[in-house]
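*Asks:* Here is a sequence with its predicted model. Questions after.
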Amino acid sequence: MLGENAKQGGKLSSDKPGTFQPKTFQPKTFKMQKTRLWEAFASLSKPELRAFDKFVRSPFFNQKAQLVGLAGYLYDCCADGTPPLNEAAFTAAYPASAYDDQKLRLANSDLLKLLEHFWMYQEKFADPERNKIRLAGAYRKRNLPKHAEVSLREARQSRDARPWRHAEHFDDLHRIELEQFQSASAAKRYEAFNLQEISDLMDKTFIARKLRHVCFARSHQAVTQAPYRFGLLEAVFVHVEAEGLLDIPAIALYYYGCHFLADPAAETHFARFQETLHAHADQFPPDELRALYLLAINFAIKKSNETGDPGWYRATFGLYRDALGRDLLLENGMISRFAYHNIVGVAIRLDEVAWAEEFIQKYKSALERRYREATFGLNMARVAYTRQEYREALLHLQRADYKDFINGMNAKTLQLKIYFETGEFELLDSHLDSIKNFIRRQQDVGYHRDNYLNIARYTRALMRLDPTDLAAATLLRQQIETEPVLTEKEWLLGRIG
């Protein structure tokens, strides 16, 4: 049986049986460039670096000289684009001391905490109007009711002056009313109690946020099939209808959204969503407005693909144009290549070819640089194809990105259609073999694999079809019409005659 020392983490020596040797622990090698501090520090923008430099030097926030030195060294590393080194970092923090790994670790930890404090400070003071409500509370606690009243009045005025009427607007009004109640309660002014206003605003805030959350959860559910539960949702629907809350855009939009996202047949709710969005778009901040437009766009695209109804393509096009006009499809000045491709496709489908070409040219520079030329070339090829300028379309396709599966297959499909329509059947036959071989080498492309193999299969069937054989043409038409996975169904049917 091992002795008590062995139980506590020591071991018996193999050289001298029965002799206890304490276990030694080797600390992990400490490298500044792999620390959480450096990762966080390197994420700071230039204005943030300058602001944090002032923050660290302020004795109100920091009284440790070593943190000023260490922060200054990391600031220089960011400016020079060089990773920090242990010895140089230690010298900056403790210029008169010999290197001590443990002291550097402690300074590193303290500076990270100070940086986190800086971020929390920034977040807290990012909304000066909401701070007026906090200030009213501070005055109340110091028994300065007149000062508190001024702060609350200013908070109300600032909120009324802003155009937004989203869930957070009602939350702020609720906070103001709650602070007003606490002030009246402290002064024992019972006649001034505003309990009904507090309750109503609390309900509006909750309902707007609840419905908003359900909309985004259902949108996510459509992609992932995640089994979400929505708790009080049905009771919320009943309350909204009974209390006439559909007059509030922040509630109405998400109420309609919850319905059409759950039931694709709920087209009336989608129409009301569109009407409300168009009429009240200016009541929402850009990020939330962008999310609302994307909810509608994604639904309209889905209905377009399912039904082929020109009305849904027109709805999608209108939503895209509105979103572009409000700069909602640009993030940090860039547009997604997928949105770019979809917009061009919808415009061409509606014979808005001149508009599509103008869009392609206008937003080319907003595409991510590594995809820019390939995406631009592919979409210019689509415009040229629509105009039956086949030679020009093939020239544009030379820029296509064949390393990206979707872009590559879109380009190959366009080539396929050009070869068919120009009667280049030998080229087309070889091209179809190339497509099949290319697809079969791909891994994890799911639905797209079946779709593009079907396009190739039915195109070859079209090549072999005897136009005088009406029975064979009827059978092929039926097969294409009933094929569940086939994005070029309309083009193929149009070639049967």
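*Replies:* Received it, and whenever you're ready, just let me know what you need.

*Asks:* burial measure for Leu470, as a count.
*Replies:* Around Leu470 there are 9 other residues, counting by other Cβ atoms under 10 Å. In this view, the C-beta of every residue, glycine as well, is placed from N, C-alpha and C.

*Asks:* what pLDDT does it get?
*Replies:* Note for Leu470: predicted pLDDT of 92.

*Asks:* residue nearest the centroid of this structure?
*Replies:* Taking Cα atoms, centre = their mean, the centroid of the chain lies closest to Ala291, which sits 8.5 Å from it.

*Asks:* And the strands in this structure?
*Replies:* For the chain, the strands defined by DSSP state E occupy 11-12, 20-21, 330-331, 334-335.

*Asks:* Now find how far off-centre the last one is within its chain.
*Replies:* Averaging C-alpha positions (Cα atoms, centre = their mean, to the nearest Å) puts strand 334-335 13 Å from its chain's average.

*Asks:* ok, residues contacting that strand?
*Replies:* If you take Cβ atoms under 8 Å, 6 or more residues apart in numbering as the criterion, strand 334-335 is touched by 329, 363, 366-368.

*Asks:* Can you verify my assumption that the residue nearest to the centre of the chain contacts Ser219?
*Replies:* No - using Cβ atoms under 8 Å, Ala291 makes no contact with Ser219, being 9.0 Å away.

*Asks:* Name the nearest residue to Lys417, sequence neighbours excluded.
*Replies:* Nearest residue to Lys417 in three dimensions, chain neighbours excluded: Trp491, at 6.4 Å (Cβ to Cβ, 6 or more residues apart in numbering).

*Asks:* pLDDT score for that neighbour?
*Replies:* As predicted, Trp491 sits at a pLDDT of 92.

*Asks:* now the one 3 residues further on
*Replies:* Per-residue pLDDT puts Gly494 at 92.

*Asks:* Count the neighbours of it for me.
*Replies:* Gly494 sits with 9 neighbouring residues when counted by other Cβ under 10 Å.

*Asks:* same thing with Arg36?
*Replies:* 11.

*Asks:* Quick one: residues contacting the residue nearest to the centre of the chain.
*Replies:* Each residue near Ala291 by Cβ under 8 Å, 6+ apart is listed here: Phe216.

*Asks:* switch the cut-off to 10 Å
*Replies:* 212, 215-216, 219, 284, 328 (Cβ atoms under 10 Å, 6 or more residues apart in numbering).

*Asks:* Over to Trp38?
*Replies:* Trp38 touches 31-32, 74, 77-78, 83-84, 89, 108, 112, counting by Cβ under 10 Å, 6+ apart.

*Asks:* Now which of those residues would you call buried?
*Replies:* Buried members of the contacts of Trp38, scored by 16 or more other Cβ atoms under 10 Å, are 32, 74, 77-78, 84, 89, 108, 112.

*Asks:* From the residues you listed, which shows the smallest pLDDT?
*Replies:* Per-residue pLDDT puts Met32 lowest of those, at 87.

*Asks:* ok, it - contacts?
*Replies:* Met32 touches 38, 41, 70, 73-74, 77, 83-90, 104, 108, counting by Cβ under 10 Å, 6+ apart.

*Asks:* same question, Phe425
*Replies:* Here Phe425 is in contact with 419, 463 (Cβ under 10 Å, 6+ apart).

*Asks:* What distance do you get for it to Phe359?
*Replies:* When distance is defined by Cβ to Cβ, to the nearest Å, Phe425 is 34 Å away from Phe359.

*Asks:* Thr468 too?
*Replies:* The spacing between Thr468 and Phe359, counted by Cβ to Cβ, is 43 Å.

*Asks:* ok, the two, which is more surrounded?
*Replies:* Between Thr468 and Phe359, Phe359 has the larger neighbour count (other Cβ under 10 Å), namely 20 against 7.

*Asks:* and that one, what does it touch?
*Replies:* 320-321, 324, 340, 343-344, 347, 352, 379, 383.

*Asks:* now swap in Leu428 and tell me
*Replies:* Counting by Cβ under 10 Å, 6+ apart, Leu428 touches 415-422, 459-460, 462-463.
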